[in-house]
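Asker: the following comprises the amino acid sequence and a computationally predicted model.
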Protein chains: 2
Amino acid sequence: MQAQLIALDWGTTSLRAYRLGEHGRVLEQRSLSAGIMQLPSTPRSIGGQQVSNGFELAFDEACGDWLDAEPTLPVIACGMVGSAQGWREAVYQQTPASVAALSSALVTVRSVRGVDVHIIPGILQRSELPNVMRGEETQVLGILDSLPASEAAKPLLIGLPGSHSKWVRAVDGRIEHFDTFMTGEVYAALSSHTILGRTMQRSETFDAEAFDRGVAVSRSANGAAGPLSTIFSCRTLGLTGELSGTAQSDYLSGLLIGHEIVALAQLLRQADAQLPAVILIGSDALIARYQRALDANGFAQVILAQQATERGLWQVAVQAGLIQSSSSAAARPLHVEN
Amino acid sequence: MQAQLIALDWGTTSLRAYRLGEHGRVLEQRSLSAGIMQLPSTPRSIGGQQVSNGFELAFDEACGDWLDAEPTLPVIACGMVGSAQGWREAVYQQTPASVAALSSALVTVRSVRGVDVHIIPGILQRSELPNVMRGEETQVLGILDSLPASEAAKPLLIGLPGSHSKWVRAVDGRIEHFDTFMTGEVYAALSSHTILGRTMQRSETFDAEAFDRGVAVSRSANGAAGPLSTIFSCRTLGLTGELSGTAQSDYLSGLLIGHEIVALAQLLRQADAQLPAVILIGSDALIARYQRALDANGFAQVILAQQATERGLWQVAVQAGLIQSSSSAAARPLHVEN
């Protein structure tokens, strides 16, 4: 089937490439470890020229053969590839942000083979404590554009758990506000570089009971001490024989994700009495954890979204006029799992 | 002047030794890096025997010459030397704990030179989230025993900032309750092992303005997001040019210590409407930071205590009957600085 677009989700540690056909249908996809902080470095010939630039090399690995076959395919990219450390800086756009706003602010870098790569800028929120994201805005807009108009008009909260979790409030298809929690990165730092890691024992299976216990502590009167204090209980519950070594990492995960959701609910209640509907985007394993913590904290309606990145890249490309044919009609409505 | 006691404060990374005279006066003191996790390992002869045990080697380095001169001096020690990884395990005593309770629970290990080392046990608090300390209990009891009786009878809060900060509530000379915050260790892990460290630039001087800004954020409406979220502002304020690289580490320090004190105040208010008087024990530089954060959070009365460790070790030794002479009278009253 003929392709319409090459779409790249190019982050710090990974590069995902999609070959998209009519209506944004995924024809082929690839995942490389060539994130902007671990680009390839072995020079080689591309289009008859000797190339040593890591971005060029990674780009060629990701989709050189697709472009050999169809040299006029447009290319769009989102993520850290547009940061100051990226291939070409795409200066942050400010909130509120819509697909239209982002698609009119694409920044272009011409690759050695003569193909332009259109980079979607990240978003900056100029609040007292500023916030930034690169890549997640494309996922969020992909989801918003796929919702029935009646749903998209309501206030929505879109969660993107990860190393740095983003919680995005959207109204009428626009990103209005977002918060960042460094939960994933803090979890990794605590597990690998503090005393808490010393008594943890590896386990291949998810210990739901230990995780839920951590979530429950974060919501309890003891949880008022905050994560700087409650995390010490990973160690002390081990010392008193109340928490096994293999349960400690999922307990810590439950504590941290629990504190994140408790704080999030508090921020939301400052703005509105009612908790909004939540759409979650991310890997299955992480989403499952967040769903448990959201349930425990009274978030009644949680929807899981799929293919957010491909959808967002497609939508922005369509709006920017990169796709000429009749195939630029909107992608099919979002498939949701309750 | 003749000595009465050798007192050791033997922690994870350091070993401090005191030669104490009448009334606990410090005649001489030493600081070694021979904590229980970094003991010396080169075998040598002690008292005519070839010795390779790291505890023996460190003990000899710390006070072998003092014991050569006065072989009958009693020796007391507190800290991680009594942990399961220490020289001899001194099983935790439970709260509430007094000097009398600890001094009747000393555990003895006989060194190769025939001298007994009396180890003070740590304290365990069996609450829903258990808490433990080793070493800090001796400092706290040293301070409590030095206070005028009228002061010691009041509810007091004793703060021991550090890698793991301890906040101890005491009444009538007894340790009733304590909380732990892993603030110092979390600060180190975030600075060295997360993205926050990448934009930090070293500075030799304390940036009070940046520190106070962090404290103010932790107390603000934005602070309700908790430390997992506010810490990201170290990076974003840098990206927007609002916080220089050299200011970022003190800003992060202010955020974390601020979150600790905000949470502490909330825990205290759950128990009592009024914030208690605070006594701080620790290094001058760290105490100065905590004083700023306590001031900002409405703790009106903050007292700095000195020589807490030596005082505590002396008091327990006296109560345990290790010191026979008339010199066992209480040390002079606590010198306080307001």
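Answerer: Everything's here; your move. The structure displayed is predicted, hence computed values, not measured ones.

Asker: give the contact list for the residue sitting nearest the centre point of chain A.
Answerer: Nearest to the mean C-alpha position of chain A, by CA atoms, centre = their mean, lies A:Glu136 at 4.5 Å. For A:Glu136, the contacting residues are A:160, A:166, A:168, by CB atoms under 8 Å, 6 or more residues apart in numbering or on different chains. Where you see a C-beta, it was placed from the backbone N, CA and C, and this is true even at glycine.

Asker: how about a cut-off of 7 Å?
Answerer: Contacts for A:Glu136 (CB atoms under 7 Å, 6 or more residues apart in numbering or on different chains) come out as A:160, A:166.

Asker: state the pLDDT value of it.
Answerer: In this model, A:Glu136 is scored at 97, pLDDT.

Asker: tally of neighbours for the nearest residue to A:Gly47 once chain neighbours are set aside?
Answerer: For A:Gly47, ignoring the flanking residues on the chain, the nearest one in space by CB to CB, 6 or more residues apart in numbering or on different chains is A:Arg113 at 4.2 Å. Residues lying near A:Arg113 (other CB atoms under 10 Å in any protein chain shown) number 17.

Asker: same question, A:Lys154
Answerer: A:Lys154 has 12 nearby residues by other CB under 10 Å.

Asker: that one: helix or strand, and which one exactly?
Answerer: When secondary structure is defined by DSSP states H and E, A:Lys154 falls outside every helix and strand.

Asker: can you read off the pLDDT for it?
Answerer: Reported pLDDT for A:Lys154: 83.

Asker: poorly predicted segments of the stretch 151-300 of chain A, please.
Answerer: Along the stretch 151-300 of chain A, no part satisfies pLDDT under 70.

Asker: hmm, back to that, residues in contact with the residue nearest to A:Gly47?
Answerer: A:46-47, A:67.

Asker: nearest to chain B among those residues?
Answerer: A:Ile46 (30.8 Å; CB to the nearest CB).

Asker: which one is that closest one nearest to, not counting chain neighbours?
Answerer: Nearest to A:Ile46 is A:Asp60, by CB to CB, 6+ apart, at 5.0 Å.

Asker: quick check: mean pLDDT of the strand or helix carrying the one you found?
Answerer: For A:Asp60, the element it lies in under DSSP H and E is helix A:54-69. Taken as a whole, helix A:54-69 has an average pLDDT of 97.

Asker: picking up where we left off before, out of the contacts of A:Arg113, who's nearest B:Gly24?
Answerer: A:Ile46 (77.5 Å; CB to CB).

Asker: count the residues that sit near the residue nearest to A:Ile46.
Answerer: Neighbours of A:Asp60 using other CB under 10 Å come to 21.

Asker: where's the residue located most distally from the centre of chain A relative to chain B, distance?
Answerer: Relative to the C-alpha centroid of chain A, counting by CA atoms, centre = their mean, A:Thr240 is the outermost residue, at 38.7 Å. Applying CB to the nearest CB, to the nearest Å, the value for A:Thr240 to chain B is 5 Å.

Asker: need the residues of the stretch 151-300 of chain A near chain B, please.
Answerer: A:164, A:179-183, A:185-186, A:189-190, A:192-195, A:217, A:221-222, A:224-233, A:236-237, A:239-240, A:256, A:259-260, A:263, A:266-267, A:270 (CB under 7 Å from any CB of the partner chain).

Asker: any of the residues you listed buried? List them.
Answerer: A:164, A:179-183, A:185-186, A:189-190, A:193-194, A:217, A:222, A:224-233, A:236-237, A:239, A:256, A:259-260, A:263, A:267 (16 or more other CB atoms under 10 Å in any protein chain shown).

Asker: tell me where the stretch 1-150 of chain A has helices.
Answerer: A:54-69, A:99-103, A:136-146, A:149-152 (DSSP state H, counting those that start in this stretch).

Asker: list of residues touching the helix or strand following the shortest one?
Answerer: Tracing the chain past helix A:149-152, the next element assigned as helix or strand by DSSP H and E is strand A:156-160. Residues from elsewhere that reach strand A:156-160 (CB under 7 Å, 6+ apart): A:136, A:139-140, A:143, A:165-170, A:276-282, A:290.

Asker: show me the contacts for the closest residue in space to A:Gly254 that isn't next to it in sequence.
Answerer: Nearest residue to A:Gly254 in three dimensions, chain neighbours excluded: A:Gly214, at 2.4 Å (CB to CB, 6+ apart). By CB under 7 Å, 6+ apart, the contact set of A:Gly214 is A:251-255, A:258.

Asker: try 6 Å this time
Answerer: A:251, A:254-255, A:258 (CB atoms under 6 Å, 6 or more residues apart in numbering or on different chains).

Asker: adding neighbour count and distance to A:Gly321, write the contacts of A:Arg113 out as TSV.
Answerer: Output for the contacts of A:Arg113, formatted as TSV (neighbours: other CB atoms under 10 Å in any protein chain shown; distance: CB to CB, whole Å):
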residue	neighbour count	distance to A:Gly321
A:Ile46	17	28
A:Gly47	16	26
A:Leu67	20	20
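
Asker: what domains does the record give for chain A?
Answerer: Chain A breaks down by automatic domain parsing into domains covering A:5-180+A:306-328, A:182-304.

Asker: endpoints of the shortest one, how far apart?
Answerer: Its start and end residues considered, domain A:182-304 measures 21 Å (CA to CA, to the nearest Å).

Asker: and the contacts of stretch A:194-211?
Answerer: Under CB under 6 Å, 6+ apart, the answer for stretch A:194-211 is A:190-191, A:234-235, A:238, A:245-251, A:253-254, B:185, B:189.

Asker: and what of stretch A:172-182?
Answerer: Contacts of stretch A:172-182 (CB under 6 Å, 6+ apart): A:95-98, A:131, A:140, A:144, A:152-153, A:164-169, A:260, B:228-229, B:231-232.

Asker: where strands are concerned, which of those residues count?
Answerer: If you go by DSSP state E, the contacts of stretch A:172-182 have A:131, A:165-169 in strands.

Asker: now, among the residues you listed, which is nearest to chain B?
Answerer: Distances from chain B to the ones in strands among the contacts of stretch A:172-182, taken by CB to the nearest CB, are shortest for A:Asn131, at 5.9 Å.

Asker: how far away is the closest residue to the closest one other than its chain neighbours from B:Ala247?
Answerer: Closest residue to A:Asn131 apart from its sequence neighbours, by CB to CB, 6+ apart: A:Gln125 at 4.3 Å. Distance from A:Gln125 to B:Ala247, counting by CB to CB, to the nearest Å: 21 Å.

Asker: done for today, thanks.
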